[in-house]
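**Q** Next come a sequence and a model predicted from it.
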Amino acid sequence: MWVALHILAQAAVILRVLLRPYRNPASRISWILVVLAVPVLGMLGYLLLGETSIGRRPAARMRQLRAELPAPPAAPADVPERHAPLFRVGGSISGYPPTGGNRATLMADSSAAIDALVADIDAATDHVHLLFYIWLPDTNGTRVAEALIRAAGRGVACRALVDDIGSHLLIRDPLWTAMGAAGVRLARALPVGNPLLRPLTGRIDLRNHRKIVVIDGAITYCGSQNCADPEFRVKAKFAPWVDVMLRFEGPVARQNQHVFASDWMAWTDEDLVPLLGAPMPPPGPGFTAQVVASGPTIRHSAMPEMFQSLIYAARRELVITTPYYVPDDPLQAALCAAANRGVATTIVFPARNDNPAVGAASRSCYAELLAAGVVIHEFEGGLLHAKTLTLDGEVALVGSANMDRRSFDLNYENNILLADAATTAALRARQGEFIARSRRVTAEEVAAWPWPRRLWNNTVALTGPVL
């Protein structure tokens, strides 16, 4: 009887795997093998981790907000015809058009970014909005919190939203309580609640991975940096964390404001619609930019499609930095195709990854990339956490999204796509600094890896579709 019940349960779970929308064939096959090969635990694993649901009510709320919030105003944008399809892809993801009149400053390093952020908070006159996946109660995290406390004390509306898991150390720290007591409005995204009951309402590891700052609706920050010291004491042995952060001024800040508001209103009862409807001052001179925000409740395959579109658009040079590379087949093929058609294609990974499984899965891709002519570097000056892409010296993408299945399917991410030679040149120069601090990986080196290492890399890579 127990065997029969187990077979029936397996059949029911396999049927669910086959009927789930958007799951690619490799993922379906992987999950079916797990369900069949690992009694009970395989079925439990699929029910806990096999579906990208944050829960019916939160998902419905986020879709409702996305449909009902007033669209942010946009300034006339001058997009070269050859790059217009890229911004159309971005618009199909978030619904934001390319907007002109933007300016950007590349922060020198993580501490400089915090210095600039604190100065902007101290100069704020109306509101400060912060959203971070990880906010630690360390030196930099405390400096930002204290700046918020000062701003709230002079009447500035301060709102801070953090991921419930990523920022759990801050949430449990007296600093969180002190911010609330000072008048900073606080909220947690994707709250876990009772971890034993949470899987009944939605997948527990779907997280808000965004890093957004909006000040007075006119200044925004976007990049890979969390609100923490570069020493990142929770994973100190991989330090320093090496990030890229851009400070933007102009209409693109209103698009990031829209993303923040949709997240804030999903997890609080506060209505930010009046703030979104505030008139925008006439934009000054500047470049075209567009926010590209993705997540489990936004259309399927959004971020991999954005990355693939950029890669296929390259004609001369493509340079990418990413800490986590677990691609789907089309993304891997796009990179190989870029090198095969003569584009100088370079990708920089960290030499030591804080997630050994992701590092192994990344290295399983090296041989194919190198055979196509992709140049691979491994950064040795800490954990290269920067997520950057520069294209032909003209277009750049910067933000929170990694090139892995988690960013593609499970995390809420935010990025900015921009078309500007000067800003792209600054990012390309920073990428050059990373390359100078890296070691080039050769095809001969990869071919000489001992078979246990290759077996480990390729075995770990098999788990990618299971996500």
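**A** Yep, that arrived. Remember, predicted model here, so these are calculated numbers, not experimental data.
**Q** Which residues does whatever helix or strand residue 9 lives in contact?
**A** Counting by DSSP states H and E, the element that carries residue 9 is helix 2-19. Contacts to helix 2-19, defined as CB atoms under 8 Å, 6 or more residues apart in numbering, come from residues 23, 28, 31, 32, 35, 36, 39, 40, 43, 46, 47, 50. The C-beta positions use only the backbone N, C-alpha and C, and glycine is treated the same way.
**Q** just how off-centre is it within its chain?
**A** Chain-centre distance of helix 2-19: 35 Å, with CA atoms, centre = their mean, to the nearest Å.
**Q** cool, and stretch 56-74?
**A** For stretch 56-74, the distance to the chain centre is 20 Å (CA atoms, centre = their mean).
**Q** average pLDDT for that stretch?
**A** For stretch 56-74, mean pLDDT is 85.
**Q** Which of the residues in it are classified as buried?
**A** 58, 59, 61, 62, 65, 66, 69, 72, 74 (16 or more other CB atoms under 10 Å).
**Q** what about dumping the CA coordinates of it to CSV?
**A** Coordinates of each C-alpha in stretch 56-74 appear next as CSV, following Å, rounded to 0.1, in the frame of the first residue of the first chain:
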residue,chain,number,x,y,z
ARG,A,56,-1.1,34.3,-4.5
ARG,A,57,-2.0,37.4,-2.6
PRO,A,58,1.4,39.1,-2.8
ALA,A,59,1.7,38.2,-6.5
ALA,A,60,-1.8,39.6,-7.2
ARG,A,61,-1.0,42.8,-5.2
MET,A,62,2.3,43.4,-7.1
ARG,A,63,0.6,42.8,-10.5
GLN,A,64,-2.2,45.2,-9.5
LEU,A,65,0.2,47.9,-8.5
ARG,A,66,2.2,47.4,-11.7
ALA,A,67,-1.0,47.9,-13.7
GLU,A,68,-2.5,50.8,-11.7
LEU,A,69,0.4,53.0,-10.6
PRO,A,70,0.7,56.1,-12.8
ALA,A,71,3.6,55.8,-15.3
PRO,A,72,6.6,58.0,-14.6
PRO,A,73,7.1,61.0,-16.9
ALA,A,74,9.8,60.7,-19.6
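**Q** for the protein, which spans come out with low pLDDT?
**A** Along the chain, the model assigns pLDDT under 70 to residues 23, 199-200, 465-467.
**Q** returning to that earlier point: closest to residue 347 among the contacts of helix 2-19?
**A** In terms of CB to CB, no member of the contacts of helix 2-19 lies closer to residue 347 than residue 23, at 27.1 Å.
**Q** ok but residue 101 is inside a strand, no?
**A** Yes. According to DSSP: H, G, I helix; E, B strand; the rest coil, residue 101 belongs to a strand.
**Q** got a list of what the closest residue to it other than its chain neighbours touches?
**A** Closest residue in space to residue 101, ignoring its immediate chain neighbours: residue 283 at 2.7 Å, by CB to CB, 6 or more residues apart in numbering. By CB under 8 Å, 6+ apart, the contact list for residue 283 reads 75, 99, 100, 101, 102, 250, 251.
**Q** go with 6 Å
**A** Shown here is residue 283, whose contacts under the criterion CB atoms under 6 Å, 6 or more residues apart in numbering are 75, 101, 250, 251.
**Q** So the first one, which state does it fall into?
**A** This points to residue 75. coil.
**Q** so how far is residue 288 from it?
**A** 9 Å (CB to CB, to the nearest Å).
**Q** which of these two has more neighbours?
**A** Applying other CB atoms under 10 Å to residue 75 and residue 288 shows that residue 288 carries more neighbours, namely 26 against 20.
**Q** Identify the residues contacting whichever strand or helix holds residue 318?
**A** For residue 318, the host element (DSSP H and E) is strand 317-321. The contact list for strand 317-321 (CB under 6 Å, 6+ apart) reads 338, 343-348, 386, 388-392, 431, 434.
**Q** mind saving the C-alpha coords of it as CSV?
**A** Taking C-alpha atoms only, strand 317-321 is exported to CSV below (Å, rounded to 0.1, in the frame of the first residue of the first chain):
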residue,chain,number,x,y,z
GLU,A,317,33.7,44.9,-28.5
LEU,A,318,31.7,43.3,-25.6
VAL,A,319,33.1,43.3,-22.0
ILE,A,320,31.2,41.8,-19.1
THR,A,321,31.9,41.5,-15.4
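**Q** Tell me the strands beside the next helix or strand after that strand, with direction?
**A** Downstream of strand 317-321, the first helix or strand assigned by DSSP H and E is strand 325-326. On the basis of DSSP bridges, the sheet neighbours of strand 325-326 come out as strand 403-404 (parallel).
**Q** Restricted to strands, list the contacts of strand 317-321.
**A** Under the assignment DSSP state E, the contacts of strand 317-321 contribute 344, 345, 346, 347, 348, 388, 389, 390, 391 to strands.
**Q** Buried only: go through those residues for me.
**A** By 16+ other CB under 10 Å, the ones in strands among the contacts of strand 317-321 give 345, 346, 347, 348, 388, 389, 390, 391 as buried.
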